[in-house]
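# return atomic coordinates for the entry below.
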Amino acid sequence: MSRLRTFGRITAASLILGAALLTGCASRVPLTRALIKEYGLSTADVPQLQFYLSDPLVLEQEATSIDKDIDRTHSLKMVEDQYIKQVEFKKGTPCLVTTASADALQVACEEGKTLSFHLDASHRKGEVYCYRPDVSRRPESPEPRPSGAGYRQWKIVGKETYGDSTYNVLVKYAPPYLLVDQESLTNFKRDARVAPGMRHGE
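Numbering: from 1, shown residues only. Below you'll find the predicted structure:
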């Protein structure tokens, strides 16, 4: 009987945890033009909200260098190494808008580095702010990638200057768009008051 009670408690706890996780995910909604209009957000308001990436993204850079070095026997040896540098943005990565205009947002996932998101009217989710690399290219155009770099099924959709380096942009399915935390929208308050006006004789 005690085992049944323990099992029941574990199951109930699992259900509560699952519900909490689902609720947390469900509170994130795409940032659309309609949502901005619904909440009366200005371009100054948008940077005050919490955002997340809808899908994963990888920036990849390959560099091949030849290093000539002389060892202790004074013989010349040539070493060729392949270096692969990757910056991974996981699905749900939290981010902030640093600058905003009506059609474009600069978004930071880490200090001092931004990605550009532009209003995409053709997106299946509506007019969302979708990531756009500095230089776009057709995913169908094949480009060789370093062996052992991982992300074998991902496609290169362009190039991005991130920080002081230029990377190939890899996406799993499609470029990410911005999700906004609905709670931050609900809690968002504009510090404003309405002037009552004045009349003669008052």
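# any figure for the gap between the nearest residue to residue 33 once chain neighbours are set aside and residue 113?
Distance criterion Cβ to Cβ, 6 or more residues apart in numbering; nearest residue to residue 33, sequence neighbours excluded, is residue 127 at 4.2 Å. The C-beta positions use only the backbone N, C-alpha and C, and glycine is treated the same way. Between residue 127 and residue 113 the computed distance is 26 Å (Cβ to Cβ, to the nearest Å).
# who's more crowded, the two?
Ranked by neighbour count (other Cβ atoms under 10 Å), residue 127 and residue 113 place residue 127 first, with 18 against 14.
# let me see the contact set for the more buried one.
By Cβ atoms under 8 Å, 6 or more residues apart in numbering, the contact list for residue 127 reads 32-34, 119-121.
# how about 10 Å then?
Contact analysis of residue 127 by Cβ atoms under 10 Å, 6 or more residues apart in numbering lists 30-36, 103, 119-121.
# return the backbone torsion pair for residue 179.
phi -110, psi 140 (degrees, to the nearest 10).
# what's the local residue count around it?
Number of residues near residue 179 (other Cβ under 10 Å) recorded here: 25.
# my guess is it contacts residue 130. True?
No. Taking contacts as Cβ atoms under 10 Å, residue 179 lies outside contact range of residue 130: 11.7 Å.
# could I get the contacting residues of the residue nearest the centre of the chain?
Nearest to the geometric centre of the chain sits residue 53, at 3.3 Å (Cα atoms, centre = their mean). Counting by Cβ under 10 Å, 6+ apart, residue 53 makes contact with 89-95, 107, 109, 115, 117, 131, 175-179.
# looking at these, which are in strands?
Of those, the ones assigned to strands by DSSP state E are 89, 94-95, 107, 109, 115, 117, 131, 178-179.
# which among these gets closest to residue 200?
Among the ones in strands among the contacts of residue 53, residue 178 lies closest to residue 200 (Cβ to Cβ), at 51.0 Å.
# I'd guessed the closest one sits against residue 51; true?
Yes. Using Cβ under 10 Å, residue 178 is in contact with residue 51, at 5.0 Å.
# for the protein, just list every one of the strands.
Taking DSSP E as the test, the strands found in the chain are 28-30, 51-53, 57-70, 76-89, 94-100, 104-110, 113-120, 128-131, 135-136, 155-162, 165-171, 178-181.
# now render the ones you listed as TSV, adding distance to residue 147 and mean pLDDT.
Below are the strands of the chain laid out as TSV (distance: least, Cβ to Cβ, whole Å; pLDDT from 0 to 100):
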stretch	distance to residue 147	mean pLDDT
strand 28-30	37	95
strand 51-53	28	97
strand 57-70	11	68
strand 76-89	8	69
strand 94-100	32	96
strand 104-110	28	96
strand 113-120	27	96
strand 128-131	27	97
strand 135-136	24	91
strand 155-162	15	93
strand 165-171	15	93
strand 178-181	34	94
